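# predicted model and sequence follow; I will ask about them next.
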Protein chains: 2
Amino acid sequence: MKKFRQQTLGELGELGVIRRLVHGLPARADVVVGPGDDCAVVRIADKARYDYLLKSDPVVEGVHFTRETPGAAVGHKALARVLSDMAAMGGEGLWALVDITAPAGTSLARLMAIRAGLSKLARRWRVAIVGGDVSRGRDLAVHVFGVGRVPRGQAVLRSGARKGDYLFVTGTLGGSERGKHLKFEPRLAEGQWLRNRHWATAMIDLSDGLATDLKHLIRSSRVGAELWLNAIPLSPAVKKTTSWRKAAQRAITDGEDYELLFSVPTAKSAELLRAWKKVFAAPCTYIGRITSQRYVIAGLDARGRRIPLKAAGYEHFR
Amino acid sequence: MKKFRQQTLGELGELGVIRRLVHGLPARADVVVGPGDDCAVVRIADKARYDYLLKSDPVVEGVHFTRETPGAAVGHKALARVLSDMAAMGGEGLWALVDITAPAGTSLARLMAIRAGLSKLARRWRVAIVGGDVSRGRDLAVHVFGVGRVPRGQAVLRSGARKGDYLFVTGTLGGSERGKHLKFEPRLAEGQWLRNRHWATAMIDLSDGLATDLKHLIRSSRVGAELWLNAIPLSPAVKKTTSWRKAAQRAITDGEDYELLFSVPTAKSAELLRAWKKVFAAPCTYIGRITSQRYVIAGLDARGRRIPLKAAGYEHFR
């Protein structure tokens, strides 16, 4: 067998690599939440009104978009991914830096289109682009670093879900590769509302697929979950799939939905749905419940029969 | 002639590309300094004690380091570049995020070595690594996003140099490719001291070469400069060069010195040098003076004769 440290990223997989990289990193007392949630949370002073959110995310040609993807969509996606993570903590975006690597043969027009897509989304959410860098690389890649904020002590973490809480999801799931992954609007308004009204006990944005991201949430909260497969809101793109079972499978594994998954105490759940409908056009659906069976996700069909889940989200290095 | 927007990055050059990208980016009222200085400066609240510094910088294999560069040196350089920019504003580092792109065949050992180099430097300067991301890419690249701080209203900008100010530089210049570009220690202590004692009217870190970075400083300050070529402190690596003139040329164009270049009012200059020697081991040398001849750098030899400067710094896309 290969010696552990000689293993490649491809052999270890993205999560295996990240787990090894984050263990024991340098820390500070003013870090409220370090690696492992949607954003890092830092506290700048004891009397400050806000905590600050830090998040970086890359989009790389050949991984997150293709050579044919319009530049404006690339720029939109690069910033939207970061803002989606801030939404998942109930926060807002403030400032962003943008690093671009590009081959020397890249046209200025492509870069200007990326910039236009980024700027348009930034203006809509009042985010300032305050700097960045352009350097040579074989891949066209856009790295966005964002700083956001959330009222002090109120960031919605992945770790607050409690037994009995209902699980909700915004929008519809699956088939994002048909276009939504490039065009989605980060659910900032929804995330802030859920935080402000204290509805959500835990929240995460769906980037790797419901099955994988729910796993992150229950691990952080040290709980389990029941997933009601027939309740999952299917996107029009996967509804056309021949069998219901295949459609549901895609809805929980496709990834890049950029919807919010969150837990709400039982007593508040009916009220949340009523209030939601008055404010937001996007659907909000309950799709399961938090259980005490630690780290177990039980998929249930319409008759309550257990269905095994293939929890394969997107894997970078395989 | 090619239509402007169809031109490639190689044809336009790094600075041409960046100039076009930063023009008219989305802004906010709380941004004190936007794109175009060593770091962006943001103000979080009117009564806050500190302003915050934001900076991102990538290192890419084949551009900033090679396949043979030890991982620890790659990690050190990636973070040190960002901290050097904070030093140039008189600031300190607080938190960093690290995005790594890597081919699937990269060994975990290489990533762990990069992490070790990053962590060691972060611990020394009390910077917390609070998150990041690993994703697939053809290039091994490390993007560091840093947040730092400086007492409110006291960031040392590129724009404060005035006619008559003396120009100083820390350390020695040239020949950084012989190893210094991987091992340099960011001049954080020196930068903070220069800011705290109000010595420096303007400051920049030397990443693209003295000639190019001095150009940035005089442009921001809307002034000119005289550069006393025989006064420039030469690194041991370029001192061996056959002719003095060639050695001086390399010292002003080689780049990646990561020293501080700053201007000091005439009346304070002698006092600064005396005070400096009591605190720091690194040399601090005056190498010229600010003039009113806007945007002109005049190179002068030991007898005061003008010598034409080839101001070619490192160019990413050519």
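Looks like it arrived, so ask away. Numbers count the residues shown, from 1 in each chain, chains lettered A, B, ... in the order given.

# quick one: A:H198 is in a helix?
No: using DSSP: H, G, I helix; E, B strand; the rest coil, the assignment for A:H198 is coil, not a helix.

# that one and chain B, how far apart?
Per Cβ to the nearest Cβ, to the nearest Å, A:H198 is found 24 Å from chain B. No exception for glycine: its C-beta is placed from N, CA and C like everyone else's.

# can you report how many residues lie near that residue?
13 (other Cβ atoms under 10 Å in any protein chain shown).

# quick check: phi and psi at it.
Main-chain dihedrals, A:H198, degrees, to the nearest 10: phi 60, psi 40.

# try the one 4 residues further on
When quoted as degrees, to the nearest 10, the phi and psi of A:A202 stand at phi -150, psi 150.

# double-check it against A:S159; I have them as touching.
Yes: the pair formed by A:A202 and A:S159 meets the contact definition of Cβ atoms under 8 Å, at 6.4 Å.

# list the buried residues for the helix or strand of chain A with the lowest mean pLDDT?
When each helix and strand of chain A is scored by mean pLDDT, DSSP states H and E, helix A:14-22 comes last, with a mean of 83. For helix A:14-22, burial by neighbour count (16 or more other Cβ atoms under 10 Å in any protein chain shown) applies to A:E14, A:L15, A:V17, A:I18, A:R20, A:L21, A:V22.

# how about stretch A:61-69?
Within stretch A:61-69, the residues scored as buried using 16+ other Cβ under 10 Å are A:E61, A:V63, A:H64, A:F65, A:T69.

# got it, and stretch A:290-301?
Within stretch A:290-301, the residues that qualify as buried are A:I290, A:T291, A:I297, A:A298, A:G299, A:L300, counting by 16+ other Cβ under 10 Å.

# can you give me the end-to-end distance of it?
End-to-end distance for stretch A:290-301: 16 Å, by Cα to Cα, to the nearest Å.

# please apply the same query to stretch A:37-47.
Start-to-end, stretch A:37-47 (Cα to Cα) is 24 Å.

# do the same with stretch A:160-180
Stretch A:160-180: ends 29 Å apart by Cα to Cα.

# same question for stretch A:227-245.
Taking Cα to Cα as the measure, stretch A:227-245 stretches 14 Å from start to finish.

# A:S135 touches B:V60, doesn't it?
Yes: at 6.0 Å, A:S135 and B:V60 qualify as touching, with contact defined as Cβ under 8 Å.

# identify the contacts common to those two.
Among the neighbours of A:S135, those also in contact with B:V60 (Cβ atoms under 8 Å, 6 or more residues apart in numbering or on different chains) are A:T101.

# okay, buried residues for the host helix or strand of A:A109 please.
Applying DSSP states H and E as the criterion places A:A109 in helix A:108-124. By neighbour count on 16+ other Cβ under 10 Å, the buried set for helix A:108-124 is A:L108, A:R110, A:L111, A:M112, A:A113, A:I114, A:R115, A:G117, A:L118, A:S119, A:L121, A:A122.

# touching chain B at all, stretch A:25-35?
Yes: applying Cβ under 8 Å from any Cβ of the partner chain, one finds that stretch A:25-35 is in contact with chain B at A:L25, A:P26, A:A27, A:R28, A:D30, A:V31, A:G34, A:P35.

# in JSON lines, list the residues you listed along with neighbour count, secondary structure and pLDDT.
Putting the residues of stretch A:25-35 next to chain B into JSON lines (neighbours: other Cβ atoms under 10 Å in any protein chain shown; DSSP: H, G, I helix; E, B strand; the rest coil; pLDDT from 0 to 100) gives the following:
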{"residue": "A:L25", "neighbour count": "20", "secondary structure": "coil", "pLDDT": "94"}
{"residue": "A:P26", "neighbour count": "21", "secondary structure": "coil", "pLDDT": "95"}
{"residue": "A:A27", "neighbour count": "17", "secondary structure": "coil", "pLDDT": "95"}
{"residue": "A:R28", "neighbour count": "16", "secondary structure": "coil", "pLDDT": "96"}
{"residue": "A:D30", "neighbour count": "16", "secondary structure": "coil", "pLDDT": "96"}
{"residue": "A:V31", "neighbour count": "20", "secondary structure": "strand", "pLDDT": "97"}
{"residue": "A:G34", "neighbour count": "19", "secondary structure": "coil", "pLDDT": "94"}
{"residue": "A:P35", "neighbour count": "21", "secondary structure": "strand", "pLDDT": "93"}
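
# tell me how many other residues surround A:K183.
12.

# that one and chain B: what is the separation?
Taken as Cβ to the nearest Cβ, the span from A:K183 to chain B is 19 Å.

# just the strands in chain A please.
Assigned by DSSP state E, chain A shows strands spanning A:31-33, A:40-42, A:50-60, A:92-102, A:128-136, A:141-151, A:166-170, A:202-205, A:224-228, A:260-264, A:284-291, A:297-300, A:306-307.

# show me the contacts for the closest residue to A:K239 other than its chain neighbours.
Leaving out its chain neighbours, the residue that sits closest to A:K239 by Cβ to Cβ, 6 or more residues apart in numbering or on different chains is A:A247, at 6.3 Å. Contact analysis of A:A247 by Cβ under 8 Å, 6+ apart lists A:G174, A:L234, A:V238, A:K239, A:T241.

# change it to 10 Å
Applying Cβ atoms under 10 Å, 6 or more residues apart in numbering or on different chains, we find A:A247 in contact with A:L173, A:G174, A:G175, A:L229, A:I232, A:L234, A:S235, A:A237, A:V238, A:K239, A:K240, A:T241.

# among those, which are located in helices?
Those of the contacts of A:A247 mapping onto helices are A:A237, A:V238, A:K239, per DSSP state H.

# would you report the backbone torsion angles of the nearest residue to the first one once chain neighbours are set aside?
What sits nearest to A:A237 in space, not counting adjacent residues and going by Cβ to Cβ, 6+ apart, is A:G175, at 2.7 Å. Main-chain dihedrals, A:G175, degrees, to the nearest 10: phi 70, psi 20.

# A:G175: what's it in contact with?
Counting by Cβ under 10 Å, 6+ apart, A:G175 touches A:181, A:234-241, A:247, A:250-251, A:254, A:256-257.

# 8 Å instead, please
By Cβ under 8 Å, 6+ apart, the contact set of A:G175 is A:S235, A:P236, A:A237, A:V238, A:R250, A:D254.

# same deal with A:D254?
Contacts for A:D254 (Cβ under 8 Å, 6+ apart) come out as A:L173, A:G174, A:G175, A:S176, A:E177, A:G209, A:V238.

# reformat the residues you listed as TSV; add pLDDT and distance to A:L167.
Formatted as TSV, the contacts of A:D254 follow (pLDDT from 0 to 100; distance: Cβ to Cβ, whole Å):
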residue	pLDDT	distance to A:L167
A:L173	96	13
A:G174	93	17
A:G175	90	21
A:S176	91	20
A:E177	89	24
A:G209	93	15
A:V238	90	19
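
# neighbour count: A:A202 and A:S159, which is higher?
Taking other Cβ under 10 Å, A:A202 and A:S159 do not tie; A:A202 has more neighbours (25 against 16).

# beta-bridge partners for the more buried one, please?
As for beta bridges, A:A202 partners with A:S263 under DSSP bridges.
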